[in-house]
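**Q** Predicted model and sequence below, questions to follow.
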Amino acid sequence: MMIPVRCFTCGAVVADKWEEYRSRVEGGEDSGRVLDSLGLKRYCCRRMLMSHVEVFDEVARLDSGYGRVKPGVKAT
């Protein structure tokens, strides 16, 4: 869904680094070097960014049609 604000293990703030991390990695930089430059040294914090999958848009798209009856189809 959305990136957690803090690391689950140590409690360090990680959410403020997500946008820069994502844009730099998509730009072709090595993820390890990007994490180093962002100051994320602990492996617990690094995994928070490296393993995050952005699925909010997909869930919102699926949820928008949930429970609605399509026109022309009888509800059972």
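**A** Received the coordinates, thanks.
**Q** and the most centrally placed residue in the chain, what does it touch?
**A** Nearest residue to the geometric centre of the chain (C-alpha atoms, centre = their mean): residue 54, 3.8 Å. Counting by C-beta atoms under 8 Å, 6 or more residues apart in numbering, residue 54 touches residue 22. Every residue, glycine included, has its C-beta placed from N, CA and C.
**Q** what ranges do the helices span in this protein?
**A** For the chain, the helices defined by DSSP state H occupy 18-26, 31-37, 43-50, 56-64.
**Q** Show me the contact partners of the first one.
**A** Meaning helix 18-26. 3, 31, 34, 35, 38, 49, 52, 54.
**Q** hmm, 6 Å instead?
**A** For helix 18-26, contacts defined as C-beta atoms under 6 Å, 6 or more residues apart in numbering pick out 3, 31, 34, 49.
**Q** quick one: which of those has the most company?
**A** residue 49 (22 neighbours; other C-beta atoms under 10 Å).
**Q** ok, that one to residue 14 distance?
**A** Residue 49 is 6 Å from residue 14, where distance means C-beta to C-beta, to the nearest Å.
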